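Asker: Prediction below, plus the sequence it came from.
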Amino acid sequence: MLTISDHLEWDDKNEHLVILQDKINAYLEAIESGSLCEEYPNAKDRQIVISIVSKYTPNKDGILFLEKTAGFLESAGYKLEFSKIP
């Protein structure tokens with residue numbers, strides 16, 4: 001499980017989405033390049049989950065982004081989880 005700690009508010013300009021997408025892409029690069037398994041050998045042959053833990057509830061653009069990203073990751077064999085800190 002790779003966790004993104006997300007402390008940013010969901011804004012109307014969607015700058016938050018770009019930052020979040022960059023973080024997810026960085027994790028995908030680590031997964032697909034093999035560096036994740038080099039650094040953490042126990043991750044080999046396990047289900048890869050990217051978990052986003054957010055301080056704020058996503059706006060409607062954020063929800064759409066998370067749904068599309070989850071679908072994309074699932075088609076690549078990974079999983080996306082999202083949770084909001086109570």
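Answerer: Nice, thanks for sending it over.
Asker: quick one: secondary structure of Phe82?
Answerer: strand (DSSP: H, G, I helix; E, B strand; the rest coil).
Asker: Let's test this: name the helix or strand in the chain with the lowest mean pLDDT.
Answerer: For the chain, using mean pLDDT, DSSP states H and E, the weakest element among its helices and strands is helix 35-39, scoring a mean of 92.
Asker: Which strands and helices lie in contact with the strand or helix carrying Leu64?
Answerer: Assigned by DSSP states H and E, Leu64 belongs to helix 60-75. With contacts taken as 3 or more C-beta pairs under 8 Å, 6 or more residues apart in numbering; DSSP states H and E, helix 60-75 sits against helix 15-33, strand 79-84. Just so you know, the C-beta spots here come from the backbone N, C-alpha and C atoms, and that holds for glycine as well.
Asker: any chance of these in JSON lines, plus mean pLDDT, mean neighbour count and distance to Ala43?
Answerer: Putting the helices and strands packed on helix 60-75 into JSON lines (pLDDT from 0 to 100; neighbours: other C-beta atoms under 10 Å; distance: least, C-beta to C-beta, whole Å) gives the following:
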{"stretch": "helix 15-33", "mean pLDDT": "94", "mean neighbour count": "15", "distance to Ala43": "9"}
{"stretch": "strand 79-84", "mean pLDDT": "96", "mean neighbour count": "14", "distance to Ala43": "14"}
